[in-house]
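*Asks:* how does the following fold in three dimensions:
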Amino acid sequence: MSSKAYPEDFVDAVAGEMAVGVEKAVECWMSLIEQALTDTHLTSLGRLNAVREILEEYKHVTGKVHLKNRNIC
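*Replies:* Predicted coordinates:
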C-alpha cells in the first residue's frame, strides 16, 4: 500500500473543518444542558432529570454505554 503526501494547506483546511464541527457539536449539547438547567417551568428534580435525559440521548446517538474516566478532563 502506498501513501500519498498531501499539501500542508489541505491538511490544515481539513483539520480546521473538523475542529469547527467538534466545536458546533459541543456547543449544541451544552446549549441543551443549559436550557434544561434554566427552565423555570421545571422543579429542581425536573431539571436534573432533563439533564439526565440529554446525557442518555448523547450516549444513544454516539453508541457509548459508558463515558470515559473523568480524570482525563
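
*Asks:* for residue 7, see how far away the most centrally placed residue in the chain is.
*Replies:* The centroid of the chain falls nearest to residue 26 when counting by Cα atoms, centre = their mean (3.8 Å). For residue 26, the distance to residue 7 equals 29 Å [Cβ to Cβ, to the nearest Å]. Bear in mind the C-beta positions are built from the backbone N, C-alpha and C, glycine included.

*Asks:* same thing with residue 68?
*Replies:* For residue 68, the distance to residue 7 equals 34 Å [Cβ to Cβ].

*Asks:* re the thing from before, secondary structure element for the residue nearest to the centre of the chain?
*Replies:* Element membership of residue 26 [criterion: DSSP states H and E] is helix 8-37.

*Asks:* and what about residue 47, helix, strand or coil?
*Replies:* Following DSSP: H, G, I helix; E, B strand; the rest coil, residue 47 is assigned to helix.

*Asks:* quick one, what contacts it?
*Replies:* The neighbours of residue 47, taking Cβ atoms under 8 Å, 6 or more residues apart in numbering as the test, are 36, 37, 39.

*Asks:* hang on, the last one packs against residue 51?
*Replies:* When you say that, I think you mean residue 39. No. Under the criterion of Cβ atoms under 8 Å, residue 39 makes no contact with residue 51, lying 10.3 Å away.

*Asks:* the more surrounded of these two?
*Replies:* Using other Cβ atoms under 10 Å as the criterion, residue 39 and residue 51 rank with residue 51 on top: 16 against 12.

*Asks:* alright, that wraps it up for me.
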